[in-house]
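Chemist: Turn this into a model:
(one chain, ligands or ions: 1)
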Amino acid sequence: MCGIVGYIGEKNCVEVIMAGLHRLEYRGYDSAGVAVVTDGALKCVKSVGKLKIMDKKLEDNPLSGPLGIGHTRWATHGAPSEVNSHPHFDMPMEIAVVHNGIIENYQELRNELQKEGVTFRSQTDTETIAHLVRKYYTGDLFVAVKRALQDVEGAYAIGVVCKDHPDLMVAARHGSPLIVGLGEGEAFIGSDVPAIMKYTRKVIYIDNGQVCEIKRNSYKIEDIQGNPVQLEVKTVDWDDAAAEKEGYPHFMLKEINQQANVIRNTLRGRVHEGSEEVNLPDMNISLEELRACQKIVIVACGTAWHAGMVGKYLIEKFAKVPVELDLASEYRYRDPIVPPNTIMIPVSQSGETADTLEAIRIAKSRGAQVASIVNTVGSSVARESHGVVYQHAGPEIGVASTKAYTSQCTAFALFTIWLAETRGAMEKAQAKEMIASLRELPDKIQWILDNQDDIKRCAEDPKYRDAQSALYLGRGYNFPSALEGALKLKEISYIHAEGYAAGEMKHGPIALVTDELPVVCVATDGDVYDKMVSNIQEIRARRGIVLSVATVGNEGIKAHSADVFYIPECFEPFSPILVAVPLQLFAYYVATNRGCDVDQPRNLAKSVTVE
Ligand code: F6R
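Modeler: Model (predicted):
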């Protein structure tokens, strides 16, 4: 939520900042702003709405300089408006601050500052930081920021500049992500790597409670008490093209279409042709720990939680270890029991989701071994876990998660085989067969992608495009598919959609079925196929519009369905990885046919770094 970019160097900082903000627009897009230190003054341009409005405003009011900070906002405190957009300033407008996060004690701070004579311009929590820095500023910006942050409670990543210091930017982090990028005679700050990937691969991940003084050719990191901190400079190996649309109209469509390769990348190096072994050394779990494990707890939010449900079904079926699946936002507040020999598996694309991080901290403090499934290398979830399976899905920019989901499910399949074999719950022959099935998935996904025109055409049909509501049903391994399919449709098309376990249909949702309700039924080949057909008949009997997802070769299902999307035949427990693809495409095409901005859906932001 909210994107921060800062630059100091030879280039025009506004160009660098705007390029970075465009890369971060998935984090928030209700307003934006840039502040520049130039010729002994602090100048600022702000705008409400998406960044293209800001681009236009900068065209009309050109701004340039060697040092500046910028922000794209996802509102928390104070409605989206020019006055509430960042940067925020001290009273004389000499210190500028951009912020991502929430200052929890801002009201208290604001009251105190007001008593001291400060006048606030906005309703935001961030403005308190600017006034606090001014309060403690006696000529040294680094010192003033550290002191100000000692008064602040909550989550923040901030960038600060001051008109007196044309050679200096200060950045700090507690709870919200922040990186410092190092170039030749230039330096950057950003909320996320894609913001600066165009310019440098050398990155420092600032940790909680740390403040960084950044100059063109040097930097210094301390904690807020002033103790020096040494951090490693890491080299990021993401390809810059990965953060571009590469000819697709939307990142979401690009990311859906990348999934064959994404799954190859998730499997790469972890399984080999003809082998029955899975290698997940970075999970940092010993074979003894795997054997001793009594319970697995999966925590995640949203789509990642749906992947966690796929994980639960796989682990319990094949490795025979009880799995508790929890929403991270529930887990953290419900005093969970963590028996000895518990392994927690948090799942997170961004690795920055606030609730998931808090769930990890609770489980760790109660003795769990934490091994996460994460896409973003170096993210907080990865760093706070004892071990990690990186998804290797590449940057996911579209706000609706697609490739991250299928790769998370794939990571769970790998972990399941490893766990089951290690515990003696699975014969080598079965492991070998399952690995072979996994290795076939990329080609099968490609087949679905190659046939997406049928899905595109179907999504143009007014009975789907103009629907008010939709129901998604699935059973067993594909219950999570129903949940995920419904989430995709609702978040990008704004059609109300609910995912249900098909067996629950008669316990309530059947009351919704009319001749105007599309019901998406996942009826792929497998143990629960006949049960799904019964559900389909019941919906047909009530004149509902059945859209089935079935296995290639099943011609019979056409008789019961208004439309059918096919997936290739596959090992049933892995079918959610294939089923996700037509459901993502359907949601994408319905939403674009309705004229929705799928990459930046209303009210959503990519990474939920605040509660
Ligand atoms: C839905 C979506 C969200 C995320 C959720 C968790 O398309 O993207 O539901 O899955 O916010 O985010 P991460 O995986 O970054 O922890």
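
Chemist: Ramachandran angles for the residue in the stretch 251-400 of the chain positioned nearest to the ligand?
Modeler: Of all residues in the stretch 251-400 of the chain, G302 sits closest to the ligand, at 1.9 Å by Cβ to the nearest ligand atom. No exception for glycine: its C-beta is placed from N, CA and C like everyone else's. Note on G302: its backbone torsions stand at phi 60, psi -130 [degrees, to the nearest 10].

Chemist: That one and A404 touch, don't they?
Modeler: No: the pair G302 / A404 is not scored as a contact, 10.4 Å apart, by Cβ atoms under 8 Å.

Chemist: Which positions in the top helix by length along the chain come out as buried?
Modeler: Looking across the chain with DSSP state H, the single longest helix is helix 428-450. Applying a neighbour-count criterion of 16 or more other Cβ atoms under 10 Å, one finds 431-432, 434-435, 437-439, 441-442, 444-449 buried in helix 428-450.

Chemist: What is the nearest of those residues to V388?
Modeler: L438 (19.7 Å; Cβ to Cβ).

Chemist: The closest residue to that closest one other than its chain neighbours: what's it in contact with?
Modeler: Computed as Cβ to Cβ, 6 or more residues apart in numbering, the closest residue to L438 that is not its neighbour in sequence is A413, at 5.7 Å. By Cβ atoms under 8 Å, 6 or more residues apart in numbering, the contact set of A413 is 314, 434, 438, 573-574, 577.

Chemist: Let me know whether my guess that A413 is in a helix holds.
Modeler: Yes: counting by DSSP: H, G, I helix; E, B strand; the rest coil, A413 is part of a helix.

Chemist: State the distance from it to I539.
Modeler: 31 Å (Cβ to Cβ, to the nearest Å).

Chemist: And the contacts of A413, which two are furthest apart?
Modeler: Top of the distance list for these (Cβ to Cβ): M434 and I577, 12.6 Å.

Chemist: Work out the gap between the lowest-mean-pLDDT helix or strand in the chain and the centre of the chain.
Modeler: Least confident element among the helices and strands of the chain, by mean pLDDT, DSSP states H and E: strand 234-235 (a mean of 90). From the chain centre to the centre of strand 234-235 is a distance of 21 Å (Cα atoms, centre = their mean, to the nearest Å).

Chemist: do the helix or strand just after it and the ligand meet at all?
Modeler: As assigned by DSSP states H and E, the chain's next helix or strand after strand 234-235 is helix 251-257. No: under the criterion of Cβ under 6 Å from any ligand atom, helix 251-257 makes no contact with the ligand; the nearest approach is 9.4 Å.

Chemist: Show me what helix 251-257 is in contact with.
Modeler: Contacts of helix 251-257 (Cβ under 8 Å, 6+ apart): 26, 245-246, 248, 396-400, 402-403, 449, 492, 581, 584-585, 588, 598-599.

Chemist: Flag every buried residue along that helix.
Modeler: Of all the residues in helix 251-257, those buried under the rule 16+ other Cβ under 10 Å are 251-257.

Chemist: cool, and stretch 547-556?
Modeler: Under the neighbour-count criterion of 16+ other Cβ under 10 Å, stretch 547-556 has 547-552, 554 buried.

Chemist: Now stretch 173-191 - C-alpha only, CSV.
Modeler: Taking C-alpha atoms only, stretch 173-191 is exported to CSV below (Å, rounded to 0.1, in the frame of the first residue of the first chain):
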residue,chain,number,x,y,z
ARG,A,173,11.6,1.8,8.1
HIS,A,174,9.5,0.1,10.7
GLY,A,175,7.0,-2.5,9.5
SER,A,176,6.5,-1.2,5.9
PRO,A,177,9.0,-2.3,3.2
LEU,A,178,11.8,0.0,2.1
ILE,A,179,14.9,-0.6,0.0
VAL,A,180,17.9,1.6,-0.8
GLY,A,181,19.4,1.3,-4.3
LEU,A,182,23.0,2.1,-4.9
GLY,A,183,24.3,3.4,-8.3
GLU,A,184,27.4,5.1,-9.6
GLY,A,185,27.3,8.6,-8.0
GLU,A,186,23.6,8.2,-7.4
ALA,A,187,21.3,6.5,-4.9
PHE,A,188,17.6,5.6,-4.7
ILE,A,189,15.0,4.6,-2.2
GLY,A,190,11.9,2.6,-3.0
SER,A,191,9.1,0.6,-1.5
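
Chemist: Which parts of that stretch count as buried, going by neighbours?
Modeler: For stretch 173-191, the neighbour count (16+ other Cβ under 10 Å) marks 173-183, 186-191 as buried.

Chemist: Of the buried residues of stretch 547-556, which belong to strands?
Modeler: 547-551 (DSSP state E).
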